[in-house]
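> predicted structure and sequence below. I'll ask about it afterward.
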Amino acid sequence: MSHGSLNPPTVPCALPGSPLEAARGGLDSCVHCGFCLPACPTYLALEDENDSPRGRLLLMGALLDGTVAPDDPIVGQHLDRCLGCRGCETACPSGVPYGQLLEATRATVAAYRPLPIIGRLLLWGFSREWVLRPALVAARLVRDLGVARVLTRVLPARFAMPFAMLASTARSTRARTSAKSAQTASALTGASSLPGGSPRGTASLLTGCVMEGLFTEVNRATERTLARNGWAMRPTAGQRCCGALHAHAGDLDGARALARTNIAAFETSGTETIVLNSAGCGAMCKEYGHLLADDPAWADRAARFSARVRDVSELLAGVGPAVAGEAAATPHEVLIPVAYDAPCHLQHAQRVVDPPLAVLRAATQIRLVPLADSDQCCGSAGIFNLIQPDVATRVLSPKLARIAESGAQVVATGNPGCLMQIGGGLVLAGNEVTARHPVELLDEGYEREGIRR
């Protein structure tokens, strides 16, 4: 017997040199146990095993061995329907890196089946500041003039949903106290609220594109609450979109270009921590090291960047956080019932579970109420709800039902996509429940504390 026959036969690859081939090792760890099925929102909504993680992993393997073609529309349909929520990763006993495999697969098939035109336009716009900034200004104008809310009443539901999502981002325009304005100013110049003026550390906020464009007040609340808890906040110039939308859609080159820009920008910030209040952005930034692992000029820089990234709830929960209004609470105060819905990319991708609850418990003007299936996806998933609206609506429907059952007046969640998806669904349903970021509620508690004292 020849020496060569002692070696296992080499499995031929139908897609040599592709991102999927490079990620092939992750496929081998799947034992097809099926634990992922009840954790998958599209499997639960569509009841088709091809629309489950296990089914999609088999399709990925079939792409590599040539059993199916990368331009097969049926294969593409099942891959396109995946939300990329990564709930399967939490359920998987074998540690299959499903999120990375999905991105690699989409990057591979993109050469054969490009995104729908709306997806390509969105990614193109998010990569270009000269397009993105005016677009977000126009969106705010449509929202603030009330046009978005009017359109939700006159358009069919499918076309009304994007405007309902935009309308749900409106925040109160009530005037801020001079003390609060001063607090924000001091936060951005590096002042500390700790006794004796010694900060816990320095931090810089990745302001984000949608967060700064449509959730500006959430960013300011993030800066205020961190300053209130002892961090010296400093701005970072030159930052861009994090690239999460591009990576999830398979545009890995676009994601890498944005990542390099952000890494270079935050290297000049001089801060110890990069803080984010968007679960999807946080997950992406924590994975810059993986994204650029094969780039010799950037791999180490990306790894150092990712090591500095923290969700705002991680920083706050790590020190308490300071309880709002504790000394000023009245015995008969009616507390606002709030339900927490866990963003997929916070719970499943970043594995940050308890810190957001600690943030909410520190806001003593609210009362936490349980929300059934709070770990299930809402159907947002970046641009998924815009290019797969029917599936996104089917995934959202049980979420809205659970919210109604909870009796909550507010749903708290820490991701702009989730805020808009849930908020838009509530608007279309005529429901007066609002979607808010946990840090907003804590910030409002601190404001009430200041007014009362």
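Structure's in. What do you need?

> with just CA atoms, put the strand or helix carrying L79 into PDB.
In this assignment (DSSP states H and E), L79 forms part of helix 73-80. Listed in PDB are the C-alpha atoms of helix 73-80, where the atom choice follows Å, rounded to 0.1, in the frame of the first residue of the first chain:
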ATOM      1  CA  PRO A  73     -32.300  31.000  -6.600                       C
ATOM      2  CA  ILE A  74     -33.800  28.500  -4.100                       C
ATOM      3  CA  VAL A  75     -30.600  28.200  -2.200                       C
ATOM      4  CA  GLY A  76     -30.200  32.000  -2.300                       C
ATOM      5  CA  GLN A  77     -33.800  32.400  -0.900                       C
ATOM      6  CA  HIS A  78     -33.100  30.300   2.200                       C
ATOM      7  CA  LEU A  79     -29.800  32.100   2.800                       C
ATOM      8  CA  ASP A  80     -31.400  35.500   2.300                       C
END
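
> run through who's touching it.
When contacts are defined by Cβ atoms under 8 Å, 6 or more residues apart in numbering, helix 73-80 is touched by residues 48, 50-51, 55-56, 59, 62-63, 68-69, 102, 105-106, 109, 113, 387-388. All C-beta atoms are positioned from the backbone trio N, CA, C, and that covers glycine.

> which of these fall within helices?
Using DSSP state H to define helices, the subset of those located there is 55-56, 59, 62-63, 102, 105-106, 109, 387.

> how close does M211 sit to N431?
Distance of M211 to N431, given as Cβ to Cβ, to the nearest Å: 24 Å.

> for the two, indicate the residue with more neighbours.
Neighbours around M211 and N431, counted as other Cβ atoms under 10 Å, are more numerous at M211. The numbers are 22 against 14.

> hmm, that one is touching V218, no?
Yes. Using Cβ atoms under 8 Å, M211 is in contact with V218, at 6.4 Å.

> pull up the overlap in contacts between those two.
Common contacts of M211 and V218, defined by Cβ under 8 Å, 6+ apart, comprise N277.

> may I have stretch 29-44 exported as CSV, CA atoms only?
Extracted in CSV, the C-alpha atoms of stretch 29-44 (Å, rounded to 0.1, in the frame of the first residue of the first chain):
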residue,chain,number,x,y,z
SER,A,29,-18.0,21.5,14.1
CYS,A,30,-21.8,21.1,13.5
VAL,A,31,-23.1,17.7,14.7
HIS,A,32,-26.6,18.3,13.3
CYS,A,33,-28.2,17.9,16.8
GLY,A,34,-31.0,20.3,16.1
PHE,A,35,-30.7,22.3,19.3
CYS,A,36,-30.7,25.4,17.2
LEU,A,37,-34.1,24.9,15.7
PRO,A,38,-36.3,26.3,18.5
ALA,A,39,-33.8,29.2,18.8
CYS,A,40,-34.3,30.2,15.2
PRO,A,41,-36.9,32.9,14.5
THR,A,42,-37.3,32.0,10.8
TYR,A,43,-37.7,28.3,11.5
LEU,A,44,-40.4,29.1,14.0
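
> let's test this: mean pLDDT of that stretch, rounded?
Per-residue pLDDT values over stretch 29-44 give a mean of 93.

> stretch 74-94 now?
Stretch 74-94 shows a mean pLDDT of 93.

> where does pLDDT dip in the stretch 101-250 of the chain?
Within the stretch 101-250 of the chain, the stretches falling below the threshold (pLDDT under 70) are 172-197.

> so A322 touches A362, yeah?
Yes. With contacts counted by Cβ under 8 Å, A322 reaches A362, the gap being 6.8 Å.

> higher neighbour count, these two?
Neighbour count, other Cβ under 10 Å: between A322 and A362, A362 has more, with 24 against 17.

> from H437, how far out is the more buried one?
A362 sits 14 Å away from H437, taking Cβ to Cβ as the criterion.

> picking that back up, pull out the buried residues from the helix holding L79.
Of the residues in helix 73-80, those scored as buried under the neighbour-count criterion (16 or more other Cβ atoms under 10 Å) are 75-76, 78-80.

> report the contact partners of A14.
In this structure, A14 makes contact with 63-66, judged by Cβ under 8 Å, 6+ apart.

> surely it forms part of a strand?
No. Assessed by DSSP: H, G, I helix; E, B strand; the rest coil, A14 does not belong to a strand; its assignment is coil.

> quick one: the strands in the chain, in order.
201-205, 231-233, 273-276, 309-311, 336-340, 366-369, 410-412, 434-436 (DSSP state E).

> can you add distance to E129 and give those strands back as JSON lines?
Listed next are the strands of the chain as JSON lines, based on distance: least, Cβ to Cβ, whole Å:
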{"stretch": "strand 201-205", "distance to E129": "18"}
{"stretch": "strand 231-233", "distance to E129": "23"}
{"stretch": "strand 273-276", "distance to E129": "19"}
{"stretch": "strand 309-311", "distance to E129": "22"}
{"stretch": "strand 336-340", "distance to E129": "34"}
{"stretch": "strand 366-369", "distance to E129": "37"}
{"stretch": "strand 410-412", "distance to E129": "31"}
{"stretch": "strand 434-436", "distance to E129": "27"}
